[in-house]
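# here is a sequence together with a model predicted from it:
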Amino acid sequence: MSSFDIRLQRVIDTTPDVAFHHWVDADSRRSWCAPDEGSTVVEAETDLRVGGSYSFSVVGPTGDPMYREEGVFEVVEPPHRLVHTARMHLPDGSTVETRVTVTFEEREGKTLLTLFDAGYPTEEQRDEFERGWPDFLDAYEHSLAS
Amino acid sequence: MVQYSVAALDRAFSALADPHRRQILDRLGAGPVSVSELAAPLDMSLPGVLKHVRALEEARLVQTHKQGRTRWCQLSRRPLDQAARWIDERRDRWERQLDHFVRHIEATKGTKG
């Protein structure tokens, strides 16, 4: 069965060590995993070890659940590489499961972040999530700077 | 007679004048749907579907909101109700006129018969 992938890259103005932990630590995720206006991360947990799991839940302005994501770490190599499964629970009760690989490489004092989000069942779904990812990356960068 | 916003009716009818957009409205009748789910049965690319969704949004027939990495669409009933009422009112009036006409013919027949 064929599947569809997303690959995005950004240069982040910090060291790989800071970039890695800001990406995955639960407290940091509270600051950037809810990029939509009025939305809030209400729960975030990270057990950073191979076989450990993470999760976070986001609610909208009125406190209604918006989405929830959870996964299990498969590779944990701070500060350069992270691989985990990602199951996203969508508002209609459906789920999408992909495998996310994030690498952090030093580039002249900054960090090249590469996101590889693989295994979308349909091209349409991949395209939709590909449009949504940049808001998360913007929020991630913004929260690093503040 | 109910007052209509001419601009709102124009927008609604012109948005309805496309089979893909009517298909999208059919689909949304069952509840909110993500744009990728809308695209799948339409055999259309995501940008193509988004173009139609935007036209429906401008006509206020559909509302969309982003939820994390996905975008969701839902029906907005009011403009559709207004368009339906506009048609209903005219149909009622034409039917009443037809009734008058039929009664007039029958009455005329009666005087001659």
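Okay, I see it.
# buried sites along stretch A:22-41?
For stretch A:22-41, burial by neighbour count (16 or more other Cβ atoms under 10 Å in any protein chain shown) applies to A:22-24, A:26, A:28-36, A:39, A:41. In this view, the C-beta of every residue, glycine as well, is placed from N, C-alpha and C.
# and stretch A:100-120, by the same measure?
Within stretch A:100-120, the residues that count as buried by 16+ other Cβ under 10 Å are A:100-105, A:110-113, A:115-117, A:119-120.
# what about it and chain B, touching?
No - Stretch A:100-120 lies out of reach of chain B by Cβ under 8 Å from any Cβ of the partner chain, never closer than 8.9 Å.
# among the buried residues of stretch A:22-41, which lie within helices?
A:His22, A:Trp23, A:Val24, A:Ala26, A:Ser28, A:Arg29, A:Arg30, A:Ser31, A:Trp32 (DSSP state H).
# SS state for the residue nearest to the second one when sequence neighbours are not counted?
Okay, so that is A:Trp23. Sequence neighbours aside, A:Val102 is the residue nearest to A:Trp23 in space, at 6.2 Å (criterion: Cβ to Cβ, 6 or more residues apart in numbering or on different chains). At A:Val102 the chain is in strand, as set by DSSP: H, G, I helix; E, B strand; the rest coil.
# repeat for B:Glu57
At B:Glu57 the chain is in helix, as set by three-state DSSP.
# now it: closest residue in space that isn't a chain neighbour?
B:Thr64 is the one closest to B:Glu57 (Cβ to Cβ, 6+ apart), at 6.1 Å.
# cool, and A:Pro78?
Nearest one to A:Pro78, counting by Cβ to Cβ, 6+ apart, is A:Phe20 at 5.3 Å.
# element containing the most centrally placed residue in chain B?
Centroid-nearest residue in chain B: B:Leu80, 4.5 Å away (criterion: Cα atoms, centre = their mean). Under the criterion of DSSP states H and E, B:Leu80 resides in helix B:77-112.
# same check, this time on A:Arg49
Short version, using DSSP H and E: A:Arg49 is in no helix or strand.
# if I look at the closest residue to it other than its chain neighbours, how far off is chain B?
Using Cβ to Cβ, 6+ apart and skipping residues adjacent in sequence, the residue nearest A:Arg49 is A:Val76, 6.0 Å away. A:Val76 is 23 Å from chain B, where distance means Cβ to the nearest Cβ, to the nearest Å.
# can you tell me the average pLDDT over the helix or strand where A:Val76 lies?
For A:Val76, the host element (DSSP H and E) is strand A:65-77. Across strand A:65-77, pLDDT averages out at 96.
# for that strand, which helices and strands make contact with it?
On a contact count with 3 or more Cβ pairs under 8 Å, 6 or more residues apart in numbering or on different chains; DSSP states H and E, strand A:65-77 meets strand A:53-59, strand A:81-89, strand A:95-107.
# what angle do the shortest one and strand A:81-89 make?
Meaning strand A:53-59. 50 degrees (axes from the mean of the first three to the mean of the last three Cα atoms, to 10 degrees).
# again, but for the longest one
Orientation note: strand A:95-107 sits at an angle of 150 degrees relative to strand A:81-89 (the same axes, to 10 degrees).
# next secondary structure after strand A:95-107?
Counting by DSSP H and E, the element after strand A:95-107 in chain order, helix or strand, is strand A:110-120.
# how far does that next one sit from the chain's center?
9 Å (Cα atoms, centre = their mean, to the nearest Å).
# what helix or strand does the nearest residue to B:Glu58 once chain neighbours are set aside sit in?
Excluding the flanking residues, the one nearest B:Glu58 by Cβ to Cβ, 6+ apart is B:Arg11, at 6.5 Å. Assigned by DSSP H and E, B:Arg11 belongs to helix B:6-16.
# same check on A:Thr14?
With DSSP H and E as criterion, A:Thr14 is part of no helix or strand.
# what comes into contact with the longest helix seen in chain A?
Longest helix in chain A, counting residues (DSSP H): helix A:123-145. Helix A:123-145 has contacts (Cβ atoms under 8 Å, 6 or more residues apart in numbering or on different chains) with A:4-6, A:8, A:10, A:12-14, A:18-19, A:22-23, A:28, A:31-36, A:96, A:113, A:115, A:117, A:120, B:34-37, B:39-40, B:45-46, B:49, B:66, B:68-71.
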